[in-house]
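Visitor: Coordinates for the following, if possible.
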Amino acid sequence: MPLEFVHSPTQQTFDIGSRLTRLLTLLFSLVIVFNTIFAFSVLVNLKSLDTCMFLSSDCSWSAHIDYIKDKAWSRVNILRSLKFTLDRLTLETINMTFIRPLLEYGDIIFDNCTAGEKQELDKIQHEAARIVTGATKLVSIDKLYSDLNWQPLSDRRTNHKLIFMFKIKSNISPTYLVNLIPLRPADPRYNLRNSSDIPLIHCRSTLYYNSLVPSAIRAWNTLDSSFKSADSIQSFKRLISNTPKVPHYFNTGPRRLQVHHTRLRLDCSLLNYDLYRKNIISLQACLCGDSESVRHFMLFCPLYTSYREDMFESINLLVPGTAITLDLLLKGNVRFTDPFNSQLFSIVYSYIDSTKRFI
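Guide: Below you'll find the model as predicted:
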């Protein structure tokens with residue numbers, strides 16, 4: 001008789017477990033491959049910056065600005081498609097790497113373009129900022145920049161001009177650029193407060209007045225002397241930028257809840273009061289009858305009392321004796337460590353999710 005191998009229950013369980021392990025390994029490998037292909041496709045679409053500058057015979061920058069707009073908006077559209085897929089930090093990194101350099105390539109040269117052309121570039125940065133934070137078009141641009149600690153493009157162009165002048169004054173720039181700057185008199189007749197300023201260039205037209213060298217000299221002359229005496233280009237950049245970093249805990253948590261929390265912080269949420277302020281709806285009342293503001297929703301609305309009590313209890317367990325204010329719930333506390341603030345935000349996210357207000 002042929003031998004028959006009888007599989008014990010233990011062996012059968014082992015076979016099923018090993019098959020399940022192989023299946024999970026295969027699925028995990030497919031996920032990794034999919035993510036790799038997805039990331040690669042994004043990078044291929046973004047491509048290299050391959051920027052250039054268009055010079056017109058009439059000294060206008062319209063052709064160049066149109067070129068920048070077309071390339072930048074195509075990349076903003078890709079960024080928008082990833083708005084709820086990637087976290088805030090990753091979206092900001094993509095913007096800083098692939099979009100903002102387009103808006104700033106040669107910006108000190110074309111800064112004498114028209115005000116309307118500058119506004120077109122600002123719109124691109126504003127939309128990128130809304131995508132990164134998840135804010136809506138109802139948001140105040142000042143609050144949006146403050147939440148991201150971004151500088152307006154106009155301020156960054158001024159800073160780039162100051163860096164251009166610092167390199168010239170430090171003899172880092174080529175000679176042909178150094179020769180563009182007028183020299184101060186060797187022996188001034190009077191010892192005036194502005195005797196160290198660079199002489200201004202006489203300009204017969206507004207276009208030349210706003211061009212690189214005359215405007216850079218004016219910006220340099222208004223700069224504090226302590227900045228001018230920086231010992232290196234790196235320290236000079238730090239002095240003129242002086243923008244604080246965004247708290248790390250702003251980037252934590254599930255993206256959907258992170259977006260709703262940010263909208264509450266920036267007063268551009270779907271609460272009735274925020275919509276009423278922008279004339280989108282005619283009534284600002286909550287279902288409970290009071291005005292549905294951010295403060296009302298987070299601290300007082302009787303519809304969410306049980307969820308709020310759970311939130312307050314969890315916060316008191318995390319940081320006993322802490323006064324619970326609206327600022328604490330929306331911005332955290334700089335005296336706490338990042339892990340503590342991250343846990344605090346997680347508790348607030350749970351409250352927002354539990355209320356089902358923004359579904």
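Visitor: how much space between Leu326 and Arg265?
Guide: Distance of Leu326 to Arg265, computed by Cβ to Cβ, to the nearest Å: 10 Å. Where you see a C-beta, it was placed from the backbone N, CA and C, and this is true even at glycine.
Visitor: higher neighbour count, the two?
Guide: Arg265 (20 against 15; other Cβ atoms under 10 Å).
Visitor: can you tell me which residues contact that one?
Guide: By Cβ atoms under 8 Å, 6 or more residues apart in numbering, Arg265 lies in contact with 147, 330-331.
Visitor: again, only using 10 Å
Guide: 133, 135, 143, 147, 250, 294, 326-327, 329-331 (Cβ atoms under 10 Å, 6 or more residues apart in numbering).
Visitor: Neighbours of Leu153, how many?
Guide: 19.
Visitor: hang on, it packs against Glu117?
Guide: No: the criterion here is Cβ atoms under 10 Å, and Leu153 misses it with Glu117 at 11.4 Å.
Visitor: Now do the phi/psi pair for Met298.
Guide: phi -80, psi -30 (degrees, to the nearest 10).
Visitor: My error: substitute Ser291 in the last question.
Guide: Torsion angles, degrees, to the nearest 10, at Ser291: phi -70, psi 130.
Visitor: That one and Leu271 touch, don't they?
Guide: Yes: under the criterion of Cβ under 10 Å, Ser291 makes contact with Leu271 at 9.4 Å.
Visitor: what about these two, which has more around it?
Guide: Neighbours were counted for Ser291 and for Leu271 using other Cβ under 10 Å; Leu271 has more, 24 against 14.
Visitor: pretty sure that one is in contact with Gln284, am I right?
Guide: Yes: contact criterion Cβ under 10 Å: Leu271 and Gln284 qualify, at 8.7 Å.
Visitor: Excluding chain neighbours, what is closest to Ile124?
Guide: Ala72 (4.8 Å; Cβ to Cβ, 6 or more residues apart in numbering).
Visitor: still on that earlier bit, and for Leu326 and Arg265, which residues touch both?
Guide: With Cβ under 10 Å, 6+ apart as the test, Leu326 and Arg265 both reach Val294.
Visitor: hmm, back to that, buried ones among the contacts of Arg265?
Guide: 133, 135, 147, 250, 294, 329-331 (16 or more other Cβ atoms under 10 Å).
Visitor: Report the mean confidence score over the helix or strand harbouring His260.
Guide: Using DSSP states H and E, His260 falls within helix 255-265. Averaged across helix 255-265, pLDDT comes to 96.
Visitor: Show me whatever sits in contact with both of Ser291 and Leu271.
Guide: Gln284.
Visitor: ok, Ile141 to Ser232 distance?
Guide: Counting by Cβ to Cβ, the gap from Ile141 to Ser232 is 33 Å.
Visitor: who has more neighbours, the two?
Guide: Using other Cβ under 10 Å, the more surrounded residue of Ile141 and Ser232 is Ile141, with 14 against 10.
Visitor: residues near Ile324, how many?
Guide: 15.
Visitor: Please apply the same query to Lys278.
Guide: When neighbours are counted by other Cβ under 10 Å, Lys278 comes out with 12.
Visitor: Lys137 is in contact with that one, correct?
Guide: Yes: counting by Cβ under 10 Å, Lys278 does reach Lys137; the two are 8.9 Å apart.
Visitor: which neighbours do those two share?
Guide: Cys268.
Visitor: just to revisit the earlier point, inside helices: which ones of the buried ones among the contacts of Arg265?
Guide: With DSSP state H as the criterion, helices contain 133, 147, 294, 329-331 from among those.
Visitor: what would those residues look like in TSV with distance to Pro320 and pLDDT?
Guide: Listed next are these as TSV, based on distance: Cβ to Cβ, whole Å; pLDDT from 0 to 100:
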residue	distance to Pro320	pLDDT
Thr133	32	97
Asp147	29	96
Val294	26	97
Leu329	17	97
Leu330	21	97
Lys331	20	95
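Visitor: Okay, now the unreliable bits of the stretch 201-350 of the chain?
Guide: Filtered on pLDDT under 70, the stretch 201-350 of the chain yields no residues whatsoever.
Visitor: Which parts of it are helices?
Guide: Using DSSP state H, counting those that start in this stretch, the helices assigned to the stretch 201-350 of the chain run over residues 206-209, 212-221, 225-228, 233-241, 255-265, 272-277, 294-295, 305-318, 326-331, 338-355.
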